[in-house]
Structure formats: structure tokens, C-alpha cells
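>>> predicted structure and sequence below. I'll ask about it afterward.
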Amino acid sequence: MSEFPKVAADPGVYRQVLADHNDLMVVRFSFTESGAEGAIHSHPHIQSTYVESGRFQFSMDGQKFEVGPGDSFVIPSNAKHGCICLEPGELIDCFTPRREDFL
């Protein structure tokens with residue numbers, strides 16, 4: 001099994017693919033500072049997010065909600081979403097199908 005590199009995704013945000021298959025991808029997002037943002041975006045992939053640590057304010061299709069350690073939720077295909085880091089931490093995201101743009 002090869003290790004995927006950790007890459008800068010946004011200022012204060014690093015991404016690392018943990019597992020990959022044509023139908024599924026698992027990715028760790030590390031937020032190193034409060035105020036770091038995962039920019040609002042959308043994609044055709046269904047995404048599940050698990051909060052490993054830290055606190056985040058998410059926006060999904062205009063609705064805002066706060067999450068912390070142990071929380072999880074699903075982001076439907078093509079939903080506009082993003083987050084602001086309130087306390088540094090890590091998110092574990094699963095995408096189906098895989099995010100080719102992350103390889």
C-alpha cells in the first residue's frame with residue numbers, strides 16, 4: 001500500500017488521501033488554525049464527513065450548523081458547502097465515487 005502525500009488545500013488546511021478505490025475515497029483534512037476555511041464549493045460526489053477533532057461551522061446550501069468531535073453528516077451530490085474552523089482539528093471525509101482531482 002503506497003502512502004499519499006499531504007498537500008495544501010487552502011491556507012491553514014492540509015489534505016491527505018488515506019484510502020482509494022474507483023468507487024470510494026477516504027481523505028483527512030487537517031485544519032491547523034482557527035479561522036481557516038474550506039471554501040464554498042460543490043461536486044457531483046456524495047460526501048460523508050466525520051469530525052475527528054476540533055470544532056467547525058459548516059454551510060450547506062445556505063444552512064449553517066456547528067459540529068464537533070464525534071459528529072458526522074452527509075453532503076448530497078452537488079450541494080454547495082464549505083466550513084470555517086472554530087478550533088483546530090481534523091475532518092475525515094469519504095467520497096463516492098472517488099475524487100479524481102485529489103489524485
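On my side now, so go ahead.

>>> just how off-centre is stretch 32-39 within its chain?
12 Å (Cα atoms, centre = their mean, to the nearest Å).

>>> what about that stretch, average pLDDT?
For stretch 32-39, mean pLDDT is 97.

>>> what's in contact with it?
Stretch 32-39 has contacts (Cβ atoms under 8 Å, 6 or more residues apart in numbering) with 9-14, 29, 31, 82-88. For glycine as for every other residue, the C-beta is placed from the backbone atoms N, C-alpha and C.

>>> His41 pairs with what?
Per DSSP bridges, the residues bridged to His41 are His81.

>>> any idea how many residues pack against it?
Around His41 sit 9 other residues, with neighbours defined as other Cβ atoms under 10 Å.

>>> which residues touch Arg99?
25, 27, 43, 45.

>>> buried subset of those residues?
Among those, those buried by neighbour count (16 or more other Cβ atoms under 10 Å) are 25, 27, 45.

>>> helix or strand for the second one, which one?
Using DSSP states H and E, the secondary-structure element containing Val27 is strand 24-31.

>>> tabulate the buried ones among the contacts of Arg99 in CSV, adding columns for distance to Glu100 and pLDDT.
Converted to CSV, these look like this (distance: Cβ to Cβ, whole Å; pLDDT from 0 to 100):
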residue, distance to Glu100, pLDDT
Met25, 9, 98
Val27, 13, 98
His45, 10, 98
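
>>> ok, back up a step: can you select the buried ones among the contacts of stretch 32-39 for me in ChimeraX?
Only the buried entries of these go into this ChimeraX selection, using 16+ other Cβ under 10 Å:
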select :9,12,13,14,29,31,83,84,85,86,88
